[in-house]
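Chemist: Have a look at this prediction, sequence included:
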Amino acid sequence: MRENEISREIVDAAYQIHKGLGPSLFESVYETGMAYELNRRNLEFVRQCPIPIIYKGIHLEQAFRADFIVEDKVIIELKSVEMIAPVHKKQLLTYLRLTQKKLGLLINFNTDLIKNGITRLVNNL
């Protein structure tokens, strides 16, 4: 499955979760829902995946954690915040760069319409 096909499944999963639970819950609730939806769609994923970095020869094994890496191709970063800040996009772009993945989805569940809460970010796609 290619990145765009995986992305379509993730967006539909987010829609189903938002439709069922609504906005303004804790991020951990949406994370549990996303894991359920990804399993239901038979997509392979790693939840709270450590992302290591090397700085001046020092290997930091768990410098960051991506909420999900799906099919070893797409990173999902979940939020439940009033507004997506520029730092949230930079965070996901950093994850994409460090993992050399091409596509990331930043999903903010704290919106009236989930389509307004989904930001697609690319790294050399």
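Modeler: Now that the structure is in, tell me what you want to look at.
Chemist: So which helix or strand of the protein has the lowest pLDDT on average?
Modeler: When the helices and strands of the chain are compared on mean pLDDT, DSSP states H and E, strand 58-70 comes out lowest with a mean of 90.
Chemist: Can you tell me which helices and strands the helix or strand following it packs against?
Modeler: Next helix or strand after strand 58-70 toward the C-terminus (DSSP states H and E): strand 74-79. Applying 3 or more Cβ pairs under 8 Å, 6 or more residues apart in numbering; DSSP states H and E, one finds that strand 74-79 makes contact with helix 3-21, helix 27-40, strand 58-70, helix 86-99, strand 103-108. Glycine gets a C-beta too; all of them are placed from N, C-alpha and C.
Chemist: Nearest approach to Asn124 belongs to which of these?
Modeler: Asn124 sits nearest to helix 86-99 of all the helices and strands packed on strand 74-79, at 8.7 Å, using Cβ to Cβ.
Chemist: before we move on, back to that, show me what the least confident helix or strand of the chain is packed up against.
Modeler: Going by 3+ Cβ pairs under 8 Å, 6+ apart, strand 58-70 lies up against helix 27-40, strand 45-55, strand 74-79, helix 86-99.
Chemist: How far off centre is the first one?
Modeler: Pointing back at helix 27-40 there. Using Cα atoms, centre = their mean, to the nearest Å, the mean C-alpha position of helix 27-40 is found 11 Å from that of the whole chain.
Chemist: ditto for the second one
Modeler: Centroid separation for strand 45-55 versus its chain: 13 Å, with Cα atoms, centre = their mean.
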